[in-house]
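Asker: sharing a model prediction with you, sequence too.
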Amino acid sequence: MKVTAYTRPGDFGLIIYALEAETDIGGRVEASDFEISGNYAERFTDKKAEGIKDVRLAAGVIRFELYDFYYMRSRFEIKGKGPAEGFSVSKDDVTEIKTDIADEFEYCEEDGILYRLHVPSTKEKRPLVLFLHGGGENGFDNKLQLVGSIGAPAIAKRYPDAYVMAPQAPARPGFDGGPPMPMSKQRFHENLISATDNPYGWNRTNLAAICNIIRRMIAQGRVDEKRVYVTGLSMGGGGTIMSLSVGAGLFAAAVPICPTMTPDTYRVLCGLTKQKLWVAAAFVDHTIYRHKYIVDAILQLRDAGNKDAKLTLFAPEELEAYGMGVADGIPYEKKFEEYHNCAALVYHNEHGIMDWMMDQTKD
């Protein structure tokens, strides 16, 4: 049975809004002839979506129009009753996932880098935004970086006339669900091992390859060399900082979000005395130490005369407005985990952060 889920990127993962399935149901059916379970309307609470909006049956295919719910979190099932008695379809039956906006990104592989690219319709030079995903989207499918969390599709939707480049960092095989490495990646993986102690996630080797791809796009006349930007969240926030070192002089502005703070990223961040950047994070998250080093680095940059070094720490009220930390009785540790998803605020342009980035040009 062919079952297709129709989704779109949400603030915290894929939202499903429709489902189609092959069926032998005959006659007329209505939404009231079906019931759905396991459909969570919110990422961080157990609130359920209302259910099924409408049902259409034609040529052996039934389409359910659904009230939005989170696809990856939910273990949903639709069961029929009355004239639809015996019909059943669940998440486990889905054979195809179609995703608005994300499916428009071109599939690319170059210099050992898997990436997806949103291409504007114009042939003139356009800005380019490099988006670096977090650790949960590592892998080799060249799709999870678009649908695992808010990011590249949201940027492409807000700035459709810009290139949006979303590479995927390699996963550690067997770590956090990381899949076995395809044989086609073995040679590149071996090169990474020889070049760095950390061949997974964002590292200098793959960031250098990504920057070289962007430079080729500039040389081809596709990308405006004065308007190249980089942003990323969590591990990708750390990667954003490292890319400013690896690709020195390439980026007009950067927006690292809740960046991973290691001795290396802290050192690089403290040295960006000429770089336009706006660091954003929740006032606290599950890695509570990171904020001390973020604040220290920005203060050092400001003291060194970098007036374009900006910092926003989102307040509890701002995060709660996006549904984070609002469940009754939730422990602080859980709230801190939820606050780590503050990229949703940035990519909705709270405080004008994204518009600021896109307004910058390289001197």
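Answerer: Alright, I've got the coordinates. Residues are numbered from 1 along each chain as shown.

Asker: who are the packing partners of the helix or strand harbouring Leu207?
Answerer: Here Leu207 sits within helix 204-219, counting by DSSP states H and E. If you count contacts as 3 or more CB pairs under 8 Å, 6 or more residues apart in numbering; DSSP states H and E, helix 204-219 packs onto strand 113-118, strand 126-132, strand 163-168, helix 186-195, strand 223-233, helix 235-246. For glycine as for every other residue, the C-beta is placed from the backbone atoms N, C-alpha and C.

Asker: again, 6 Å this time
Answerer: helix 235-246 (3 or more CB pairs under 6 Å, 6 or more residues apart in numbering; DSSP states H and E).

Asker: low-confidence ranges in the chain?
Answerer: Residue ranges of the chain with pLDDT under 70: 173-199.

Asker: which SS state does Asp92 fall under?
Answerer: Here Asp92 is recorded as helix under DSSP: H, G, I helix; E, B strand; the rest coil.

Asker: so what's the residue count around it?
Answerer: Number of residues near Asp92 (other CB atoms under 10 Å) recorded here: 9.

Asker: tell me how the chain divides into domains.
Answerer: Taking automatic domain parsing as the reference, the chain has its domains at 3-98, 101-359.

Asker: quick one, which of those is packed in tightest?
Answerer: For these, the largest average neighbour count (mean count of other CB atoms under 10 Å) is found in domain 101-359, namely a mean of 19.

Asker: distance between the ends of that domain?
Answerer: 23 Å (CA to CA, to the nearest Å).

Asker: quick one, helices of the chain?
Answerer: 144-147, 152-158, 186-195, 204-219, 235-246, 263-270, 290-303, 316-320, 332-339, 343-347, 353-359 (DSSP state H).

Asker: quick one: which of the ones you listed is nearest Val255?
Answerer: Closest of the helices of the chain to Val255 is helix 353-359, at 5.1 Å (criterion: CB to CB).

Asker: and the closest one, how far from the chain's centre?
Answerer: 18 Å (CA atoms, centre = their mean, to the nearest Å).

Asker: stretch 35-46 too?
Answerer: 21 Å.

Asker: got the contact list for it?
Answerer: If you take CB atoms under 6 Å, 6 or more residues apart in numbering as the criterion, stretch 35-46 is touched by 12, 47-49, 51-52, 69-70, 73-79, 323, 327, 338.

Asker: same thing but 7 Å
Answerer: 12-13, 47-49, 51-52, 68-70, 73-79, 81, 323-324, 327, 338 (CB atoms under 7 Å, 6 or more residues apart in numbering).

Asker: again with stretch 60-74
Answerer: Against stretch 60-74 from outside (CB under 7 Å, 6+ apart): 5, 7, 10, 12-23, 25, 38-41, 43, 49-56, 78, 91.

Asker: now, those residues that are in strands?
Answerer: Within the contacts of stretch 60-74, residues falling in strands by DSSP state E are 5, 7, 10, 13-22, 52-56, 78.

Asker: if we can go back for a sec, now do the helix holding Leu207 against strand 113-118, angle only.
Answerer: Helix 204-219 runs at 40 degrees relative to strand 113-118, counting by axes from the mean of the first three to the mean of the last three CA atoms, to 10 degrees.

Asker: which other residues reach helix 204-219?
Answerer: Contacts for helix 204-219 (CB under 7 Å, 6+ apart): 110-113, 128, 130, 167, 169, 192, 195-196, 223, 225, 228, 239, 242-243, 246-247, 250.

Asker: am I right that Gln306 is in contact with Thr273?
Answerer: Slight slip there: residue 306 is Asn, not Gln. Yes: shown here, Asn306 and Thr273 form a contact pair, counting by CB atoms under 7 Å, at 5.1 Å.

Asker: which residues touch Ile78?
Answerer: Applying CB under 7 Å, 6+ apart, the residues contacting Ile78 are 34, 36, 64, 89.

Asker: what's opposite the first one in the beta bridge?
Answerer: Here Phe34 sits in beta bridges with Gly80, as judged by DSSP bridges.

Asker: where's Phe76 relative to Ser37, distance?
Answerer: Using CB to CB, to the nearest Å, Phe76 is found at 7 Å from Ser37.
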